[in-house]
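Participant: this one's structure only:
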């Protein structure tokens, strides 16, 4: 015997389907759930979905089920010096290497500084591949790149000084057309400007990198407090990701309490309420030495030097998979990079309120 649904009420009038956003026309178009279900059932093959944009960091991409998706907003937070810009630029580089477009808008550094860092990153890749361990030679080359960043040396002279840098330049030339850098202005580079930047590259699979959220201005809202401004920007970035069908990676700054905390968490980010709601993925960077439980170093001082070489990437929120995942990556900050192959954190990490730690 099967159950049947009955009602004593007269038949209801047909209900108009609920409208949903049409990302192409920019207005609302009604689509009934039963029509969408029928379309999916009628498909003889699985309807393809665009592939995600990998970060190039392993096993981070596994945790994110492939990387950042078009329409996603990934927020990366951390205290100063934890490598937020380094990681974002590395991810942008990987995006371009794979044949996609990376748009890198930085409010903190100009193009010359970013290019010097990118060359240093490639230098690290070249030296590692060649097995070059001449520290004196490599430090001279890095010093030359730092000189370029401050205007002390001409770039061409520095690049021509060593075959390692020439190879680094050649590597950038292979993907450089797909890595677009822009200097952000705290008074002019608003959400409209970011949308316009994406619109200049129609039809391309792209990721927009914004360094950082709290610097994006909100015109006409000078009376808003910082929390409301961050909310407006975060909502705008999420809408940009959906309407332009791009991935968005945005860096967020820590608040005063976060700067003083032993371990940065999501609620320590400036404007954290909006970030928690709007972001699809939140990754927090913390120094491993200060984040692990003191019990790990109390009886083994040799671990201190090892731990300070790592940054912990905590995937605190992940709509596409598991959250509260702690990964670690080795710092190679002399070359403005992380070792892209990391691992899971095996040690116990400090939590607020943890007794005896």
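Facilitator: Looks like it arrived, so ask away. All values reported here derive from a predicted model rather than from experimental measurement.
Participant: confirm that residue 314 sits in a strand.
Facilitator: Yes: counting by DSSP: H, G, I helix; E, B strand; the rest coil, residue 314 is found in a strand.
Participant: isn't it right up against residue 325?
Facilitator: Yes: if you go by CB atoms under 8 Å, residue 314 and residue 325 touch, sitting 7.2 Å apart. For the C-beta atoms, the positions are set from N, CA and C on the backbone; glycine is no exception.
Participant: more neighbours: which of these two?
Facilitator: For residue 314 versus residue 325, the count of surrounding residues by other CB atoms under 10 Å is larger for residue 314: 25 against 19.
Participant: secondary structure class of the nearest residue to that one once chain neighbours are set aside, three-state.
Facilitator: Distances taken as CB to CB, 6 or more residues apart in numbering place residue 284 nearest to residue 314, at 4.7 Å, with adjacent residues excluded. Assigned with three-state DSSP, residue 284 falls in the strand class.
Participant: tell me where the stretch 51-200 of the chain has strands.
Facilitator: 73-78, 101-106, 179-183 (DSSP state E, counting those that start in this stretch).
Participant: out of these, which is closest to residue 137?
Facilitator: Distance to residue 137, taken as CB to CB, is lowest for strand 179-183 among those, at 27.1 Å.
Participant: could you pull out the buried residues of the closest one?
Facilitator: For strand 179-183, burial by neighbour count (16 or more other CB atoms under 10 Å) applies to 179, 180, 181, 182.
Participant: distance to residue 86 and pLDDT for those - can I get that in CSV?
Facilitator: Formatted as CSV, the buried residues of strand 179-183 follow (distance: CB to CB, whole Å; pLDDT from 0 to 100):
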residue, distance to residue 86, pLDDT
179, 15, 96
180, 19, 95
181, 15, 94
182, 18, 92
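Participant: and which of those residues is nearest to residue 245?
Facilitator: Distances from residue 245 to the buried residues of strand 179-183, taken by CB to CB, are shortest for residue 180, at 17.4 Å.
Participant: skipping adjacent residues, who's closest to that closest one in space?
Facilitator: residue 103 (5.0 Å).
Participant: I figured that neighbour hits residue 197, correct?
Facilitator: Yes: using CB under 8 Å, residue 103 is in contact with residue 197, at 5.8 Å.
Participant: sorry, back to before: deepest-packed of the strands of the stretch 51-200 of the chain, please.
Facilitator: strand 73-78 (a mean of 28; mean count of other CB atoms under 10 Å).
Participant: I'd like the mean pLDDT over it, please.
Facilitator: Taken as a whole, strand 73-78 has a mean pLDDT of 96.
Participant: which elements pack onto that strand?
Facilitator: The contact analysis (3 or more CB pairs under 8 Å, 6 or more residues apart in numbering; DSSP states H and E) places strand 73-78 against helix 84-97, helix 226-244, strand 247-252, helix 272-278, strand 281-287.
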